[in-house]
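Student: Sharing a model that was predicted from the sequence below.
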Amino acid sequence: MNLEKLFHLKENHTDVKTEVMAGITTFMTMAYILAVNPSVLSASGMDSGAVFTATALASAIATLLMAAFSNYPFVLAPGMGLNAYFAYTVVLSMGYTWEMALAAVFVEGIIFLALSLTNVREQIFNSIPMNLKYAVSAGIGLFIAFIGLQNAKIVVDSATLVGMYSFKASVANGLFHSEGITVLLALIGVLITGVLLVKGVKGNILWGILITWALGIVCQLTGIYQVNPDAGCYSLLPDFSNGIAVPSLAPTFMKMDFSRVASLDFVVVMFAFLFVDMFDTLGTLIGVASKANMLDEQGRLPRIRGALLSDSIGTAVGAVLGTSTTTTFVESASGVAEGGRTGLTAVVSAILFALSLFLSPIFLAIPSFATAPALIVVGFLMLTSILKVNFADYTEAIPAYIAVIAMPFMYSISEGIAMGVISYVAINLVTGKAKEKHITPLMYVLAVLFVLKYILL
């Protein structure tokens, strides 16, 4: 097979060795999703083994499509933030079954596919103010960090709604050697991941998970950590008793439930998936492409349609397999930083995702206290987009602020989006800035729809 002819390596000022190293680097920085996604989605009642298989397969398929349709070094996987919205908002807060949530993801993927084949996608993208887009990313960051803090039990229920975990109480209750030590390990894990990030270590998030997990295993082997299933504290050692087998997809494959597809709340959920997926994807593509100098003179990305097609098909395929929205990962920037410029980088990452299917006992043994630091640090990385908000203009900054704080405090990404859109339109209308801001008709439609949601639902 002639890789040069297939990926136009010379034309893109790269070679096979550089592309392979870039693909490995991107996979290393993203592989944490193989441990985190089953952990997050299993909270909705899904089988973690099946979710692991769906995650690896959806990532491999969507990433191969990216290489085929656009020849870009972008890698896809079920997105952080969207998986949290799926499990904690749609299923646990709104009362949907996970089968209905998968149906919403599938419908969103099909609509995104239709939008990717037309110019509607650009119109929607252009209608949402840039400051609000930055706010959505920052708000998701806080939401993910909050979930990480809860998963590690660093933050717990208290008389003040939330409070810090009490080590003193865990000692008194005899829970320090099962629960308390894991909270301590999670806090150490955040520091370790932070140090690795500062040092610029490749795959810092994955290394943070593995080191935290390894410390846990050392604690288990020395008796400092004691297995206590009643407290949700299980063995940290991988179980290879069934050999190296790929977990069955059967519990999640084709399990979508379309029974509520005609209801207004289904439309709201589907739109929230679509909104976040679309703006996350476009933001990631533009951000990573600009780092790689792939944008043209007008700041546009050539072959963007192919990139969006792979994203939307990946989402629909992922829903069929049994995972939340598959999207382009911002961690693709790590491969680009290593010199990746073509679809060969994506192909290498896709192959590694496929090979990881045979290592399921390792990824499924990784406990939530080891993946929580990853959520907290990814939250930090997403929060940095708040720096791009124009705080000098209050008509832009206040709606952005409302969108950001609504997500963690209301425990919902879609509420943050709704509050941001409504407040943006209302504040600019009342202060007479609407014409000056060129608020699009689509923004007014969105604001009205969100208001109706609160009245009718």
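Tutor: Right, received. Where do you want to start?
Student: what about the residue lying closest to I427 once chain neighbours are set aside, how many residues close to it?
Tutor: Once flanking residues are discounted, I427 sits nearest to T395: 5.5 Å by CB to CB, 6 or more residues apart in numbering. To be clear about C-beta, it is placed using only N, CA and C from the backbone, and glycine gets the same treatment. As a burial measure, T395 scores 20 neighbours (other CB atoms under 10 Å).
Student: How about the contacts made by T395?
Tutor: Counting by CB atoms under 8 Å, 6 or more residues apart in numbering, T395 makes contact with Y424, I427, N428, T431, K433, K437.
Student: Report the separation between the fifth one and P78.
Tutor: Summarising the geometry, the distance separating K433 from P78, computed by CB to CB, to the nearest Å, is 39 Å.
Student: Just want to know which of those two has more residues nearby.
Tutor: P78 (32 against 15).
Student: can you pull the contacts of the more buried one?
Tutor: I33, N37, T55, A58, S59, G318, T323, S324, T325, T326, T327.
Student: if you set the cut-off to 7 Å instead, what comes out?
Tutor: I33, N37, T55, A58, G318, T323, S324, T325, T326 (CB atoms under 7 Å, 6 or more residues apart in numbering).
Student: Quickly list what it is bridged to.
Tutor: T326 (DSSP bridges).
Student: quick revisit: with neighbour count, distance to I244 and pLDDT as extra columns, can I get the contacts of P78 in CSV?
Tutor: Listed next are those as CSV, based on neighbours: other CB atoms under 10 Å; distance: CB to CB, whole Å; pLDDT from 0 to 100:
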residue, neighbour count, distance to I244, pLDDT
I33, 27, 21, 88
N37, 30, 20, 92
T55, 30, 18, 95
A58, 28, 21, 96
G318, 29, 24, 95
T323, 34, 22, 94
S324, 35, 26, 91
T325, 30, 29, 89
T326, 33, 25, 92
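Student: Sitting in strands, which of the residues you listed do you find?
Tutor: The strands, defined by DSSP state E, take in T326 from the contacts of P78.
Student: helices and strands of the protein: which one bottoms out on pLDDT?
Tutor: Lowest on mean pLDDT, DSSP states H and E among the helices and strands of the chain sits helix 120-127, with a mean of 65.
Student: Give me the neighbour count for L452.
Tutor: 12.
Student: State the helix or strand in which it lies.
Tutor: helix 441-456 (DSSP states H and E).
Student: Give me the packing partners of that helix, helices and strands only.
Tutor: helix 120-127, helix 413-430 (3 or more CB pairs under 7 Å, 6 or more residues apart in numbering; DSSP states H and E).
Student: Centre of the chain to the longest one, how far?
Tutor: Spelled out, that is helix 413-430. Distance of helix 413-430 from its chain centroid, counting by CA atoms, centre = their mean, to the nearest Å, is 23 Å.
Student: how about the CA coordinates for that helix, as PDB?
Tutor: Output in PDB follows, covering the C-alpha atoms of helix 413-430 (Å, rounded to 0.1, in the frame of the first residue of the first chain):
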ATOM      1  CA  ILE A 413     -25.400  21.300  30.700                       C
ATOM      2  CA  SER A 414     -28.700  21.900  28.900                       C
ATOM      3  CA  GLU A 415     -29.900  24.300  31.600                       C
ATOM      4  CA  GLY A 416     -26.700  26.300  31.200                       C
ATOM      5  CA  ILE A 417     -27.200  26.500  27.500                       C
ATOM      6  CA  ALA A 418     -30.900  27.500  27.900                       C
ATOM      7  CA  MET A 419     -30.100  30.100  30.600                       C
ATOM      8  CA  GLY A 420     -27.300  31.600  28.500                       C
ATOM      9  CA  VAL A 421     -29.400  31.900  25.300                       C
ATOM     10  CA  ILE A 422     -32.500  33.400  27.200                       C
ATOM     11  CA  SER A 423     -30.400  35.900  29.200                       C
ATOM     12  CA  TYR A 424     -28.400  37.000  26.100                       C
ATOM     13  CA  VAL A 425     -31.500  37.800  24.100                       C
ATOM     14  CA  ALA A 426     -33.400  39.400  27.100                       C
ATOM     15  CA  ILE A 427     -30.500  41.600  28.300                       C
ATOM     16  CA  ASN A 428     -29.700  42.800  24.800                       C
ATOM     17  CA  LEU A 429     -33.300  43.400  23.900                       C
ATOM     18  CA  VAL A 430     -34.100  45.400  27.100                       C
END
